[in-house]
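Chemist: predicted model and sequence follow; I will ask about them next.
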Amino acid sequence: MQTRLNASQTVTPSVTPSVAAAAAAAGTNNSLLKSLYHERMARLSVRRTVMDVSTGQITHTAVKDKSSEAGSPTAAATAADIKTPTGTGSDRDRVVMIERVGEAIGSIVWTGAISLCQFMRTANDSGVLPFSGQRVLELGAGIGCCGIYANRLGAALSVVTDRQPLIALLHQNITANSPGGGSGEDSKHQSVLVASELSWGQFPLSDRISQSVPFDIVLASDVVYK
């Protein structure tokens with residue numbers, strides 16, 4: 001089954017009507033986000049997501065977990081499950097990822113990331129903020145779509161960071177968006193796309209981050225909420 005939505009639409013998690021009604025009535029707040037999170041935890045699933053930055057459209061397709069007979073949705077799907085973006089738009093503007101719905105707040109695509117990618121596309125193509133040859137750091141990357149898209153726009157180095165539980169998912173999505181399903185180093189275009197653990201306020205920084213500073217561009221979307 002596939003679902004489609006645009007960046008202009010609000011992403012409403014798969015929740016019970018009572019929680020959805022509370023969201024509409026109360027607005028976003030900490031207690032509501034916790035309620036939504038716990039609802040998601042009860043509805044774990046793995047899905048393949050294709051984002052077309054040029055249109056803001058994303059397409060979700062359920063992915064069957066192959067790691068166990070029980071079909072645990074928390075295990076990583078294989079790279080073959082998430083390759084070959086399809087749909088309208090150029091290859092540059094299509095990003096394909098695996099989301100683990102319900103596993104963590106950062107394991108899905110939020111609308112803020114879609115909007116940021118669209119801003120990046122406009123700023124890059126207009127020459128206001130060109131990404132070609134730049135060194136980019138993404139904070140609170142989640143599944144990494146903004147940092148991955150920076151790589152698509154020509155960044156020489158794109159480091160996507162988040163807390164340790166999301167690093168395996170970041171590595172998986174880097175592989176899915178790398179030429180030939182590689183590690184994220186494209187010698188032809190002299191670009192590097194890597195993941196590194198980063199918890200704010202904790203030191204020392206990883207070697208990958210400390211050896212890469214200074215960065216030219218720092219990206220962040222939906223990293224704080226109140």
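Modeler: Cool, got the structure. Since this is a predicted model, take the numbers as computed values, not measurements.

Chemist: start and end of stretch 121-131, how far apart?
Modeler: End-to-end distance for stretch 121-131: 9 Å, by C-alpha to C-alpha, to the nearest Å.

Chemist: that stretch - what's its average pLDDT?
Modeler: Taken as a whole, stretch 121-131 has an average pLDDT of 96.

Chemist: against which helices or strands is the top helix by length along the chain packed?
Modeler: When the chain is parsed with DSSP state H, its longest helix is helix 111-126. Helix 111-126 sits against helix 145-152, with contacts defined as 3 or more C-beta pairs under 8 Å, 6 or more residues apart in numbering; DSSP states H and E. No exception for glycine: its C-beta is placed from N, CA and C like everyone else's.

Chemist: send the alpha carbons of the helix it packs on over as CSV?
Modeler: Output in CSV follows, covering the C-alpha atoms of helix 145-152 (Å, rounded to 0.1, in the frame of the first residue of the first chain):
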residue,chain,number,x,y,z
CYS,A,145,17.2,13.1,4.4
CYS,A,146,18.6,16.7,4.6
GLY,A,147,22.2,15.7,4.8
ILE,A,148,21.7,13.2,2.1
TYR,A,149,20.1,15.8,-0.1
ALA,A,150,23.0,18.2,0.6
ASN,A,151,25.2,15.5,-0.9
ARG,A,152,22.9,15.3,-3.9
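
Chemist: show me what that helix is packed up against.
Modeler: Looks like helix 145-152 contacts strand 94-101, helix 111-126, strand 135-139, strand 157-162, helix 167-176, strand 191-197, strand 217-220 (3+ C-beta pairs under 8 Å, 6+ apart).

Chemist: want to throw the ones you listed into JSON lines with mean neighbour count?
Modeler: Putting the helices and strands packed on helix 145-152 into JSON lines (neighbours: other C-beta atoms under 10 Å) gives the following:
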{"stretch": "strand 94-101", "mean neighbour count": "23"}
{"stretch": "helix 111-126", "mean neighbour count": "18"}
{"stretch": "strand 135-139", "mean neighbour count": "23"}
{"stretch": "strand 157-162", "mean neighbour count": "27"}
{"stretch": "helix 167-176", "mean neighbour count": "21"}
{"stretch": "strand 191-197", "mean neighbour count": "21"}
{"stretch": "strand 217-220", "mean neighbour count": "16"}
